[in-house]
Every structure is written in structure tokens, then in C-alpha cells.
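>>> what shape does this take:
(one chain, ligands or ions: 1)
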Amino acid sequence: MFNKILIANRGEIACRVIRSARRMGIATVAIYSSADRNALHVEMADEAILIGEPPPRESYLRGDIVLAAALRTGADAIHPGYGFLSENADFCRQCSGEGITFIGPPASAIEAMGSKSAAKRIMEQAGVPLVPGYHGENQDPEFLRSAANEMGYPVLLKAVAGGGGKGMRIVDSPDQFDGALAGARREASKSFGNDVMLVEKYLRQPRHVEIQVFCDNHGNAVYLFERDCSVQRRHQKIIEEAPAPGVDTHLRARMGDAAVMAARAIDYTGAGTVEFLLDRDGTFYFMEMNTRLQVEHPVTEMITGLDLVEWQLRVAAGASLPLGQDQLSIDGHAFEARVYAEDPDNDFLPVTGTLSYLQAPAESRHVRIDTGVRQGDEVSAYYDPMIAKLVVWDEDRNRALRRLCKALADYRISGMKTNVDFLYNLASSSAFQQADLDTGFIERHHQEIFHQQPHDLERAMPLAALYLVLERSETARQVSHGNSDPWSPWNLASGWRLNEPHLHHFELIVQEQEVAISIEQQGIGAAQRYVIRYRDREVCARGDLQGQHLVADIEGHRLQATVAEHDGRYSLYSGDCAIQFSLLQPDLGESDGEPANNSLVAPMNGTIVAVLVAAGSRVTKGEQLVIMEAMKMEHSIRAPADGVVSRFFYQAGELVDGGAQLLEFEADE
Ligand code: ADP
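Numbers count the residues shown, from 1 in each chain. The predicted structure is shown next:
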């Protein structure tokens with residue numbers, strides 16, 4: 001076995017590999033770009049080497065520098081993880097050239113599967129079923145079009161060098177063919193430096209079912225069952241599960257045998273995945289083989305009880321596979337949900353930011369979190385925006401799914417948009433519960449998955465109101481007397497008059513709507529309670545706030561909530577309900593009309609759209625002064641009272657940070 005390995009990767013997979021190596025008594029070396037100086041994988045490894053600048057091309061993709069780091073630290077082997085250098089045959093060869101073991105298949109196997117079309121030719125010869133299509137050399141557009149016409153539409157154009165769903169186009173009819181071909185070629189040459197295309201029949205409602213295979217250097221090969229990865233957005237996986245619902249032992253064995261045949265056809269060693277499209281009628285077709293560990297390998301580990309990284313290390317060190325096919329079995333059901341910094345409402349575009357608050361669900365026998373980040377870390381634009389993989393296991397699919405929903409409900413992240421709510425909606429949808437899976441799942445169930453949750457809002461509004469008022473009062477307590485903190489106008493020392501109601505007004509933006517809330521404070525000491533009014537509702541509440549943790553009593557219903565604030569945006573979590581909100585107007589103080597401060601601040605990061613009055617103008621309470629645009633929505637900043645706007649600090653078109661003072665306001669006496 002190796003004494004020391006270098007992990008040529010970052011993030012969760014680097015941490016994942018380090019964990020197994022450590023358990024096996026193997027020392028680890030991390031590599032890092034200057035953006036990852038304080039990253040978790042660097043902290044976890046025994047040693048770490050700086051390999052360059054943040055862009056992957058200047059660090060994680062530099063095979064020469066990575067190899068030099070391995071030589072410098074005396075590592076016996078390199079684990080490439082996934083992505084980066086993991087499917088780079090040249091790098092694999094260079095490693096062996098330096099006497100360092102590449103933990104993966106031989107370079108020849110990587111090459112054989114590196115081109116989707118070459119892979120298909122090999123598989124065809126080995127008798128593995130293929131999606132009908134053309135995957136030859138002739139790239140003449142007219143020829144390709146006639147091949148498509150022969151197959152019948154819809155067809156799918158795919159870049160032979162493609163990956164990650166790029167360079168693919170669905171073509172529905174002959175007249176769209178030329179435009180789609182040109183577009184796919186442009187994208188492919190930009191992304192992969194290769195615009196060769198294959199054309200295949202586009203299956204209407206296939207499932208993506210893949211088989212985990214493992215081979216050693218002694219002629220042994222097994223399959224570790226299947227994973228269903230049909231739930232995809234932008235042709236990229238988002239929730240995976242094992243075993244695949246509805247796949248019976250007979251189909252499993254047929255697919256498993258085909259996958260092993262595929263691996264044997266290219267003299268494969270180590271961990272690999274053979275991806276198939278499974279059609280409604282049970283026919284399956286080879287799609288491609290990934291010659292590395294997959295992102296979603298944990299679901300296979302959960303149902304087999306095996307550590308695939310340990311197997312990889314053992315096989316790479318020359319050992320035989322630890323188990324034979326008839327010693328392998330499936331126990332229970334597992335899901336993996338990929339938690340991303342991305343905006344599901346904006347076509348799942350990645351977002352960046354600082355993880356200002358991060359609390360993952362508690363890990364247990366049933367819940368596993370694979371991550372490479374901690375609270376306070378940055379999700380930067382340089383790398384994959386995946387925050388974590390949430391993996392759950394239980395005895396059967398229904399139980400495992402309940403675990404998944406619960407764990408998603410317990411996931412607390414703020415500082416950036418994430419797909420956690422989206423994943424929760426998806427996992428708790430009845431269609432997903434019924435395992436009505438295929439690669440069009442998200443589009444087909446868009447309505448159900450993207451639904452707004454009025455239930456959440458109902459439950460969360462009083463909690464949000466209570467939090468705001470308690471938080472203000474806490475801030476006021478901390479501010480010394482006479483200090484006019486603009487955010488704590490409600491100053492206990494000056495404003496308190498016994499037996500008079502105390503009123504607070506907040507305007508929130510929640511679920512893209514403006515909601516005005518008023519909170520009336522009644523009683524003192526132990527009898528203190530709040531009457532919260534919003535829309536046409538009125539609820540009575542009590543509460544206690546300790547830091548971010550709120551214990552509330554809403555009309556006799558005792559609830560707990562956690563609230564995190566970042567950049568003027570609040571995230572409130574309570575049980576399975578989560579809402580985000582921001583403040584449109586700060587608390588305008590007490591009901592006697594006295595404006596509490598003489599400034600108005602931007603409720604969040606955004607752009608000034610218009611300044612509606614001139615500096616020095618006299619305005620009346622409620623008059624629009626400034627329009628801001630943030631989160632693709634316009635927000636009005638209004639006069640808190642009758643008075644004069646003495647100054648504006650921004651003009652139309654300027655960017656402002658949340659919390660920035662926008663204008664100076666002098667209220668009438
Ligand atoms: P990439 O390497 O870019 O991930 P794949 O060939 O693995 O591309 O395909 C990605 C996804 O695209 C599949 O999981 C499936 O959802 C869809 N897909 C690929 N080929 C077909 C096809 N012939 N018909 C229908 N969907 C397909």
C-alpha cells in the first residue's frame with residue numbers, strides 16, 4: 001500500500017479522499033491555488049503545496065506543476081478526484097513516467113472513452129447496445145442532416161469531446177438542423193477545442209441509469225449496481241439515488257453485465273461508471289463511460305456499505321478486488337442531493353458569495369454530508385459552485401426520502417442564493433415520491449416544484465416580525481443612551497411611556513412581494529406581548545431571542561426559528577419552512593409620527609433607477625423619493641414623514657450596497 005498520496009483536486013472530493021486515506025494510515029498531500037489558501041482540504045491534509053493562481057488553467061489543470069508537487073513531497077501516487085486532470089490521458093502517462101501511480105485506469109482506457117463517438121464504436125463491437133445514431137468521421141453538414149432525416153426527429157447533436165451537458169442541441173425538425181449544428185459546434189469548439197459532432201436519436205422520456213463498475217489488474221471485474229440520475233437541470237444531475245426505482249433483479253443483471261463487458265472491452269482498471277439511457281420499455285442504451293470516480297458515488301457506498309475510495313487505493317496498489325460479484329448485495333436505499341450556490345429562479349445560474357451562515361443537518365448513520373467548505377468560506381467564480389452533497393440512507397425509498405426532506409429542511413445557508421428550497425420542493429413533491437422519473441422530470445413538474453408556499457409565508461411572517469422587533473430592542477439595549485443608531489430608533493430610554501401602545505412598522509420584501517407589518521407592543525415584563533398585523537391578519541405573539549435563535553409563542557403555538565442576516569437579507573428557518581426577506585424600510589419608529597432618524601438606507605445591494613424629487617424639496621409622508629432595482633425588482637424608498645430631503649448621495653444608474661445611506665432627510669418638527 002502507498003505511504004503517501006497527493007490529491008490533485010480541491011473541495012469536497014479532496015476532503016473525501018483525504019478521509020479514506022487517513023483511515024487507512026496513508027499520509028496526504030493537498031494542492032491549492034492562491035484562492036484556496038485557507039480551504040478545508042488544505043487544512044485537512046498532512047501537507048499542502050501552492051500550485052498557482054486561481055484560474056484552473058493556471059493551477060489545478062497544470063499537470064506539470066501537480067506532478068512536481070508530488071515529486072517534491074515524495075508522494076507514491078496521485079488521486080485525481082473528478083474533473084480537472086482525472087480524465088487526462090497525457091497526465092496519466094506522465095505520472096507513470098515519473099514512477100508515480102495514477103489512481104485510475106490506464107491511459108489507453110481514458111483515451112478509448114475520451115471521445116463519445118470512438119467509445120460508441122468500441123462498445124458497438126463489444127456488443128453493448130447503443131442509441132441509434134451516426135458517430136462516424138463524416139462531418140459534412142449535409143451528410144449529418146441526411147443521417148438525421150433517416151433516423152427521424154427529434155435527434156440530438158452531441159459534441160464527441162463534450163461533457164457537462166455542453167455542446168448538445170435537440171433538433172425537432174429538419175429545418176432547425178443547420179442552425180442547431182452551427183450553434184452546437186460553436187459551443188463545442190469554445191468549450192472543448194473540438195467541434196466534431198455525433199447525431200443520435202433523441203429519446204423522449206428516458207431515464208439516466210448508470211452502473212458503477214470496478215476492475216483490478218488480475219482480470220476481476222464486478223458491478224456495484226446502479227444509480228438513477230434522471231433528475232437533471234441543464235442536462236446536469238441534481239438528485240441521484242440507488243438503487244434505481246423499478247429496476248428489477250433481471251434488468252439490473254443485464255445492465256450490470258453490459259457495463260462489465262464495456263469495461264472489459266477497454267481493459268479497464270479501478271472505478272468507472274457506464275452510463276445508460278433506459279427507455280420506458282426497459283430497453284437500455286450505452287451513452288458513455290466515465291473513467292473516474294463519480295460525484296454521486298456516495299449513494300453506491302451507502303447501499304453496499306463499501307468505501308469506493310478505499311477500493312480505488314487498494315486496486316491501484318496492485319491488490320485484487322476485495323469482493324466478488326456474488327458477495328455484493330444491496331441494502332436499503334440512498335439519495336444524494338447536490339447543494340449548489342445557484343439561482344433556481346434564474347435558470348439555475350451559479351452565484352457567488354461568502355457563506356456567512358452555514359449549518360448543515362446533523363450527521364448520523366442516516367445522514368452524510370460531503371463538503372469542502374465551512375462557514376465564512378467564499379464560493380468563488382473560479383470553481384464549481386457546489387456547496388455540499390447531502391447523502392441519506394434508510395431501509396427503503398420512502399423512509400430514505402423522508403430523511404432527505406427532513407435534512408433539506410434542516411439545511412441553513414445564508415450569504416448567497418442556493419438551491420436548498422428548490423431541492424426540498426422537488427424531494428417533497430408527490431411526483432418524486434411516486435418515482436415518476438425521467439430526464440424531463442423538472443420541466444414536467446415545474447409547476448409543483450416551483451410553487452410558492454403560502455403555507456410557509458403564513459407561518460413565517462409573525463416569526464419574522466417578532467424577530468425584527470426583538471432584535472431592534474436588543475440593539476437598542478446595547479446602544480448607549482443618546483446614541484442615535486439609525487437602525488435602532490426605538491430607544492427604550494427615551495421612548496418608553498407606560499401603558500401607551502408602542503407601534504413599530506416594517507415593510508418587508510418577501511417572495512417578491514411587499515408586505516407591511518405593524519407590531520404593537522403591549523404590557524411589560526413577563527406580561528409583554530406583541531400584536532402583529534399584516535395584510536388582513538392579526539396574531540398575538542410572545543418571544544425570546546438569544547442571538548439568532550428565536551423561541552416564539554404564536555397564538556399558543558410554540559415554535560423555534562433561526563434567523564441569519566447577510567447584506568440586508570434575512571433567512572428565516574423554522575421546521576421545514578424557510579423564507580428569505582429583506583427590509584424595504586427600516587422601522588420608522590413609534591406611531592406618533594416622529595421619524596426616528598434623518599437618513600434612509602438601501603434595503604439591499606442594487607442599482608438606483610430614479611431619483612424622483614430634487615434635493616431641497618419639501619415632501620409629504622409616504623411620497624416616493626428614490627426607486628431602486630435589486631433582485632430584478634423595483635423598490636421604492638419613501639419619505640418617512642413630512643419634511644425636506646436635504647441631500648441625495650446617489651444618482652440614477654449608480655450601484656449601491658445594502659445598508660448604504662441614500663439620502664438625508666429632515667423631518668418637520
Ligand atoms: P455530458 O457528457 O455532456 O454529460 P451525456 O452524453 O452524458 O453528456 O448526456 C447528458 C444527459 O443528456 C443525459 O443524462 C440525458 O439526460 C441527456 N441525453 C443524452 N443523450 C440523450 C438521448 N439520445 N436522448 C435523450 N436524452 C439524452
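>>> rest of the way, CA atoms for contacts and neighbours
Noted.
>>> got the phi/psi numbers for Gly372?
Note on Gly372: its backbone torsions stand at phi -130, psi 10 [degrees, to the nearest 10].
>>> I'd say it and Ile13 touch.
Yes: with contact defined as C-alpha atoms under 8 Å, Gly372 counts as touching Ile13 (7.5 Å).
>>> show the pLDDT at Ala639.
Listed pLDDT for Ala639 reads 87.
>>> which of the residues in stretch 85-101 are buried?
Using 16 or more other C-alpha atoms under 10 Å as the test for burial, stretch 85-101 gives 85-89, 91-95, 100-101.
>>> that stretch and the ligand, any residue contact?
No: Stretch 85-101 lies apart from the ligand when judged by C-alpha under 6 Å from any ligand atom; the minimum separation is 12.3 Å.
>>> got it, and stretch 134-143?
No: on the criterion C-alpha under 6 Å from any ligand atom, stretch 134-143 is out of touch with the ligand, staying 11.3 Å away.
>>> just the C-alphas of that stretch, formatted as CSV.
Below are the C-alpha coordinates for stretch 134-143, written out as CSV (Å, rounded to 0.1, in the frame of the first residue of the first chain):
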residue,chain,number,x,y,z
TYR,A,134,-24.3,8.3,-36.5
HIS,A,135,-21.0,8.6,-34.8
GLY,A,136,-18.5,8.4,-37.7
GLU,A,137,-15.9,10.7,-39.2
ASN,A,138,-18.0,12.4,-41.9
GLN,A,139,-18.8,15.9,-40.6
ASP,A,140,-20.3,17.3,-43.7
PRO,A,141,-23.4,19.2,-42.6
GLU,A,142,-25.4,17.8,-45.5
PHE,A,143,-24.4,14.3,-44.7
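>>> distance between that stretch and the chain's centre?
Put simply, stretch 134-143 sits 37 Å off its chain's centre (C-alpha atoms, centre = their mean, to the nearest Å).
>>> equivalent analysis for stretch 326-341, please.
Relative to its chain's centre, stretch 326-341 lies at 18 Å (C-alpha atoms, centre = their mean).
>>> list the buried residues for that stretch?
Going by neighbour count (16+ other C-alpha under 10 Å), the buried part of stretch 326-341 is 331-341.
>>> what's the span of it, first residue to last?
Counting by C-alpha to C-alpha, to the nearest Å, you get 41 Å between the two ends of stretch 326-341.
>>> and His235, what does it touch?
Taking C-alpha atoms under 8 Å, 6 or more residues apart in numbering, we find His235 in contact with 164-165, 439.
>>> any idea of the mean pLDDT in the strand or helix carrying Ile78?
Using DSSP states H and E, Ile78 maps to strand 77-79. Computed over strand 77-79, the mean pLDDT rounds to 98.
>>> before we move on, what about stretch 466-473?
88.
>>> who does the one helix or strand Leu358 maps to pair up with?
Take DSSP H and E as the rule and Leu358 turns out to sit in strand 357-359. Next to strand 357-359 in the sheet, as set by DSSP bridges, lie strand 412-414 (antiparallel).
>>> for the strand it pairs with, buried residues please.
Quick answer for strand 412-414 (16+ other C-alpha under 10 Å): 412-414.
>>> what does this protein put close to the ligand?
156, 162-166, 200-203, 208, 235, 287, 439.
>>> got any ranges where the stretch 551-669 of the chain has weak pLDDT?
For the stretch 551-669 of the chain, applying pLDDT under 70 flags the ranges 566-567, 576, 585-599, 603-604, 630-634.
>>> how about the chain?
Applying pLDDT under 70 to the chain picks out residues 451-455, 476, 478-501, 566-567, 576, 585-599, 603-604, 630-634.
>>> can you tell me which residue is spatially central in it?
Tyr340 (0.9 Å; C-alpha atoms, centre = their mean).
>>> distance of that residue from Met416?
Distance of Tyr340 to Met416, given as C-alpha to C-alpha: 10 Å.
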